[in-house]
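> Structure of the sequence below:
(one chain, ligands or ions: 1)
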Amino acid sequence: MSDQAQTGEYVVQPARTDDIDNIIHSIEQLLEELSGKTGIQLYQNSYEWCRRVIEDPSLGAIIVCRQKRSAKSLVGVITLSISNAIRVPKPYAVIEELWVDPAYRSVGVGASLLDEAMKFAEKSVLSRLEVGLPPFGFPNYTATEQFYGRNGFSPVGARMKRIL
Ligand SMILES: CC(C)(COP(=O)(O)OP(=O)(O)OC[C@H]1O[C@@H](n2cnc3c(N)ncnc32)[C@H](O)[C@@H]1OP(=O)(O)O)[C@@H](O)C(=O)NCCC(=O)NCCS
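The predicted model follows:
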């Protein structure tokens, strides 16, 4: 990943450990938006996992976007984890979370975060990026699917989960 990819008033760069509180808050807002619920709080170990990913690129990456003038607050974040599968020749990255502050949408922040994620994947010699789409009932499902399509992603089918 280049250390800094600048997009006009914004800077897209690898997260630092002093971003963790803001990253967790961003992901809570993402989950609230996707679920339509309020008051979501992440788990106690989220902070520690965030720190480990920031410090160890073999686990994945966290890339943030901030306003140049207000270096502390985040306007967007993307998190990646690294996975392996027999069906693909090299490890690949899964986009776990992607969120842009609603006040900063539609100015290319999401696309810039995806670009930096691609650079991280290329530098880490990964074979692809994968992402799960939001739940089918999500009001912006089609817009989200089109957003990824415009940024070079193609469909691979829905994912399912079983909670342990
Ligand atoms: C999807 C998302 C990251 C895009 O961020 P962004 O910075 O607005 O992206 P860009 O400016 O590069 O592209 C904008 C396009 O994203 C699309 N889009 C997808 N979801 C959208 C949403 N919830 N609100 C607004 N636009 C959305 C629109 O088509 C928009 O195009 P338009 O400006 O012509 O309407 C952002 O809308 C978001 O955080 N959405 C809520 C969380 C989410 O859905 N995350 C992905 C989960 S898999």
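> For K37, see how far away the residue nearest to the spatial centre of the chain is.
The residue lying closest to the centre of the chain (CA atoms, centre = their mean) is I78, at 2.0 Å. For I78, the distance to K37 equals 22 Å [CB to CB, to the nearest Å]. All C-beta spots, glycine's among them, are computed from the backbone N, C-alpha and C.
> Repeat that for Q44.
Q44 is 19 Å from K37, by CB to CB.
> N140 now?
From N140 to K37 the distance is 16 Å (CB to CB).
> Between the two, which is the more surrounded one?
N140 (12 against 9; other CB atoms under 10 Å).
> Thought P134 was touching the more buried one, still the case?
Yes. Judged on CB atoms under 8 Å, N140 makes contact with P134 at a distance of 7.4 Å.
> just for this structure, where's the confidence low?
1-7, 71-72 (pLDDT under 70).
> so where do the helices sit in it?
20-35, 46-55, 109-123, 141-150 (DSSP state H).
> got a markdown table for these, with mean neighbour count and distance to R162 too?
A markdown table is the format used below for those (neighbours: other CB atoms under 10 Å; distance: least, CB to CB, whole Å):
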| stretch | mean neighbour count | distance to R162 |
| --- | --- | --- |
| helix 20-35 | 17 | 18 |
| helix 46-55 | 16 | 21 |
| helix 109-123 | 19 | 27 |
| helix 141-150 | 13 | 22 |
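> Which residues of the chain lie near the ligand?
30, 33, 98-100, 105-111, 131, 133-134, 140, 143-144, 146-147 (CB under 6 Å from any ligand atom).
> what do you get if the cut-off is 5 Å, keeping everything else the same?
98-100, 105-106, 108-111, 140, 143-144, 147 (CB under 5 Å from any ligand atom).
> Grab the nearest non-local neighbour of the closest residue to the ligand within the chain.
Distances between the chain and the ligand by CB to the nearest ligand atom are smallest at G110, namely 2.5 Å. Distance criterion CB to CB, 6 or more residues apart in numbering; nearest residue to G110, sequence neighbours excluded, is V100 at 5.0 Å.
> which residues does A93 bridge with?
I82, L129 (DSSP bridges).
> got the contact list for it?
Contact analysis of A93 by CB atoms under 8 Å, 6 or more residues apart in numbering lists 60-61, 80-83, 117, 120-121, 124, 126, 128-130.
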